[in-house]
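Engineer: Below: sequence and its predicted model.
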Amino acid sequence: MAIPTLSPEQLHSARCAATLARRARADFKMRVRQGNLTLSEALDLASCDDVLAHVRVIDLLKALPRVGDKRAAGIMERLDIASNRRVRGLGRHQLAGLKTEFH
């Protein structure tokens, strides 16, 4: 499948949309980092928002206070979540496990 050729206007529009999505995901993680959102609230919010659903689970965990690389990796391994999994790809048992871990 060939990559479609985009007009300059379409390229500009795509770049703007990508920038807005990155900013929304960064703001989302910052709200978690600052304690304005709990993990449970963040997971519920991401399940309703297509942009936020693309956040990697490991990045969301590391945004939590007192969770670093090692603790996040341990939680992911214990709950059998792949390291490249995004919030949208979590199963119901994985979601429940994450919410239980940080209730």
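Structural biologist: Perfect, I can see it now.
Engineer: Now for this structure: which helix has the highest residue count?
Structural biologist: helix 8-33 (DSSP state H).
Engineer: What helices and strands are in contact with that helix?
Structural biologist: If you count contacts as 3 or more C-beta pairs under 8 Å, 6 or more residues apart in numbering; DSSP states H and E, helix 8-33 packs onto helix 39-48, helix 57-63. Quick note: C-beta positions are derived from backbone N, CA and C, even for glycine.
Engineer: Quick check: next helix or strand after the last one?
Structural biologist: Just to be clear, that refers to helix 57-63. Using DSSP states H and E, the next helix or strand after helix 57-63 towards the C-terminus is helix 69-78.
Engineer: In terms of secondary structure, what does that following helix contact?
Structural biologist: Using 3+ C-beta pairs under 8 Å, 6+ apart: helix 69-78 touches helix 57-63, helix 92-101.
Engineer: just to revisit the earlier point, for the helices and strands packed on helix 8-33, give me CSV that also has distance to Leu95, mean pLDDT and mean neighbour count.
Structural biologist: Formatted as CSV, the helices and strands packed on helix 8-33 follow (distance: least, C-beta to C-beta, whole Å; pLDDT from 0 to 100; neighbours: other C-beta atoms under 10 Å):
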stretch, distance to Leu95, mean pLDDT, mean neighbour count
helix 39-48, 6, 94, 17
helix 57-63, 10, 96, 21
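Engineer: want to try a markdown table for those helices, with distance to Ala26 as columns?
Structural biologist: What follows is the helices and strands packed on helix 8-33, written out as a markdown table (distance: least, C-beta to C-beta, whole Å):
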| stretch | distance to Ala26 |
| --- | --- |
| helix 39-48 | 13 |
| helix 57-63 | 10 |
